[in-house]
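Engineer: Quick one, what's the 3D model for this:
(one chain, ligands or ions: 2)
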Amino acid sequence: MRFPEYRPRRLRRNEKLRGLIQETELSRQHLVYPLFVKEMAEERIPIPSMKDVYQFSIDGLLKEIEQVKSLSIPAVLLFGVPEHKDEVGSGAFDDNGIVQKAVREIRKRFGAEILVITDLCLCEYTSHGHCGIIKNGDVDNDETLKILARSALAQVEAGSDVVAPSDMMDGRVRAVRQLLDERGFQHVPIMSYAAKYASGLYSPFRDAAESTPQFGDRRSYQMDPPNQREALREMQLDVEEGADIIMVKPALFYLDILALARREINRPLAAYSVSGEYVMIKTAASMGYLDYQRIVLESTLSIRRAGADIIITYFAKDLAGWLQRG
Ligand code: PBG
Ligand code: ZN
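Structural biologist: Ligands and ions are numbered 1, 2, ... in the order given. Okay, the predicted model is just below:
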């Protein structure tokens with residue numbers, strides 16, 4: 001019998017050799033840690049559905065960012081949980097809204113030592129919990145654009161480094177870009193949640209952000225899980241409107257979308273490993289059914305392998321700790 005010319009095992013048998021040919025790296029420089037900030041007396045409150053994740057007061061947030069920084073995680077993604085909600089989500093564009101206040105404090109304390117990305121959406125701020133404003137029982141796309149653009153401006157004026165629209169209204173990237181440019185913020189990038197699916201994996205997050213819709217669901221603005229080509233259209237559209245970074249969300253169930261984006265979209269790519277992904281792994285590991293560290297590393301690596309440059313993950317602190325130690 002003739003030996004095969006090529007024997008993959010020849011390359012796998014030595015650890016150094018395996019390292020030399022490793023195709024994908026996982027390192028801290030690509031991680032973003034999501035944080036929830038709320039106006040409250042306690043420094044932090046645990047989120048029952050998300051073990052080890054908290055809502056923070058501004059003081060608590062500053063301490064947490066100290067830790068994030070010491071782990072060499074370069075960036076945080078901020079979500080605001082306002083005290084008051086109303087029909088139009090005023091807290092989102094108020095200069096004294098929770099995120100704007102938090103960003104100013106972060107800037108004051110840390111300067112440019114941490115990159116601050118602000119999530120841009122109305123669902124945490126509206127009394128009905130939808131990502132846009134409601135007219136006649138339905139989300140009014142174009143009225144929402146004005147409010148989103150104002151909110152982006154408020155965030156950037158407070159010192160946000162990157163705005164990340166997650167609302168999925170049509171035309172929001174253009175509306176945000178236009179207003180930011182008019183006001184002299186041409187240098188501030190937009191990271192667009194371009195392919196955001198109507199997923200069941202967001203429910204723990206909605207506890208954290210207190211943003212569960214009071215009626216209906218988000219299917220009229222978020223994407224249908226069966227559709228792949230539609231994601232490509234959404235991403236291309238956002239690129240045309242001026243998005244600098246394109247995001248796919250969720251991550252693990254949508255790795256095909258990420259891989260497609262890597263091939264077709266010539267922009268940096270972000271993937272959001274969402275609350276439901278976190279909870280699945282966290283819970284299975286806490287039951288002893290899965291090896292926590294191994295699974296977190298493997299799943300995060302798979303997101304990188306599929307094509308993500310940036311990974312937004314609730315595992316960021318654990319990952320950073322392990323990666324620091326090698
Ligand atoms: C809101 C928003 C959501 C998430 C990020 N921004 C939830 C939603 O669309 O209901 C989900 C993040 C997560 O599940 O971790 N626009
Ligand atoms: Zn929203």
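
Engineer: Please make it C-alpha for all contacts and neighbour counts, starting now.
Structural biologist: Noted.

Engineer: looking at this, Ala308 is in a helix?
Structural biologist: No. Read with DSSP: H, G, I helix; E, B strand; the rest coil, Ala308 is coil and lies in no helix.

Engineer: Next, count neighbours for it.
Structural biologist: A count of neighbours around Ala308, defined by other C-alpha atoms under 10 Å, yields 27.

Engineer: how about it, what does it touch?
Structural biologist: Ala308 makes contacts with Leu258, Arg262, Pro268, Leu269, Ala270, Ala271, as judged by C-alpha atoms under 8 Å, 6 or more residues apart in numbering.

Engineer: for this protein, which spans come out with low pLDDT?
Structural biologist: Applying pLDDT under 70 to the chain flags residues 1, 326.

Engineer: Contact residues of it facing ligand 1?
Structural biologist: Within the chain, the positions adjacent to ligand 1 are Cys121, Ser166, Asp167, Leu201, Tyr202, Phe205, Val274, Ser275 by C-alpha under 6 Å from any ligand atom.

Engineer: repeat that with 8 Å
Structural biologist: Residues of the chain lying near ligand 1 by C-alpha under 8 Å from any ligand atom: 79, 119-124, 131, 165-168, 196, 198, 201-206, 211-212, 218, 222, 250, 272-276, 314.

Engineer: Can you go through those residues and name the buried ones?
Structural biologist: Buried by 16 or more other C-alpha atoms under 10 Å: 79, 119-124, 131, 165-168, 196, 198, 201-202, 204-206, 211-212, 218, 222, 250, 272-276, 314, out of the residues of the chain next to ligand 1.

Engineer: and Asp52, that's in a strand?
Structural biologist: Yes. Counting by three-state DSSP, Asp52 is found in a strand.

Engineer: which non-adjacent residue is nearest it?
Structural biologist: Once flanking residues are discounted, Asp52 sits nearest to Pro46: 7.0 Å by C-alpha to C-alpha, 6 or more residues apart in numbering.

Engineer: so how far is Ser57 from that neighbour?
Structural biologist: Distance of Pro46 to Ser57, computed by C-alpha to C-alpha, to the nearest Å: 12 Å.

Engineer: So for these two, which sits in the more crowded spot?
Structural biologist: Ser57 (22 against 13).

Engineer: Against Ala152, how distant is the more buried one?
Structural biologist: Counting by C-alpha to C-alpha, the gap from Ser57 to Ala152 is 22 Å.

Engineer: do Ala306 as well
Structural biologist: In terms of C-alpha to C-alpha, Ala306 sits 30 Å off from Ala152.

Engineer: And for Met50?
Structural biologist: Between Met50 and Ala152 the distance is 28 Å, computed by C-alpha to C-alpha.

Engineer: between these two, which one's more packed in?
Structural biologist: Legend: neighbour count by other C-alpha under 10 Å for Met50 and Ala152, higher for Ala152 (28 against 20).

Engineer: Am I right that the more buried one falls within a strand?
Structural biologist: No. Using three-state DSSP, the assignment for Ala152 is helix, not a strand.

Engineer: That one contacts Val162, doesn't it?
Structural biologist: No. In this structure, Ala152 is not within contact of Val162 by C-alpha atoms under 8 Å, at 9.4 Å.

Engineer: Provide a list of residues in contact with the spatially closest residue to Cys121 that is not a sequence neighbour.
Structural biologist: Excluding its sequence neighbours, the residue lying closest to Cys121 (C-alpha to C-alpha, 6+ apart) is Asp167, at 5.1 Å. Residues near Asp167 by C-alpha under 8 Å, 6+ apart: Leu120, Cys121, Leu122, Cys131, Gly132, Tyr193, Tyr221.

Engineer: And what about Asp167, helix, strand or coil?
Structural biologist: coil.

Engineer: any idea how far Tyr197 is from it?
Structural biologist: Taking C-alpha to C-alpha, one finds Asp167 at 11 Å from Tyr197.

Engineer: just Ala164 next, same as before
Structural biologist: Applying C-alpha to C-alpha, the value for Ala164 to Tyr197 is 16 Å.

Engineer: got it, and Ile310?
Structural biologist: Ile310 is 18 Å from Tyr197, by C-alpha to C-alpha.

Engineer: Those two: who's more crowded?
Structural biologist: When Ile310 and Tyr197 are compared on other C-alpha under 10 Å, the one with more neighbours turns out to be Tyr197, at 24 against 20.

Engineer: out of everything not next to it in sequence, what's closest to the more buried one?
Structural biologist: In this structure, Tyr197 finds its nearest non-sequential neighbour in Met223, 4.2 Å apart by C-alpha to C-alpha, 6+ apart.

Engineer: can you check Glu241 too?
Structural biologist: In this structure, Glu241 finds its nearest non-sequential neighbour in Arg174, 4.8 Å apart by C-alpha to C-alpha, 6+ apart.
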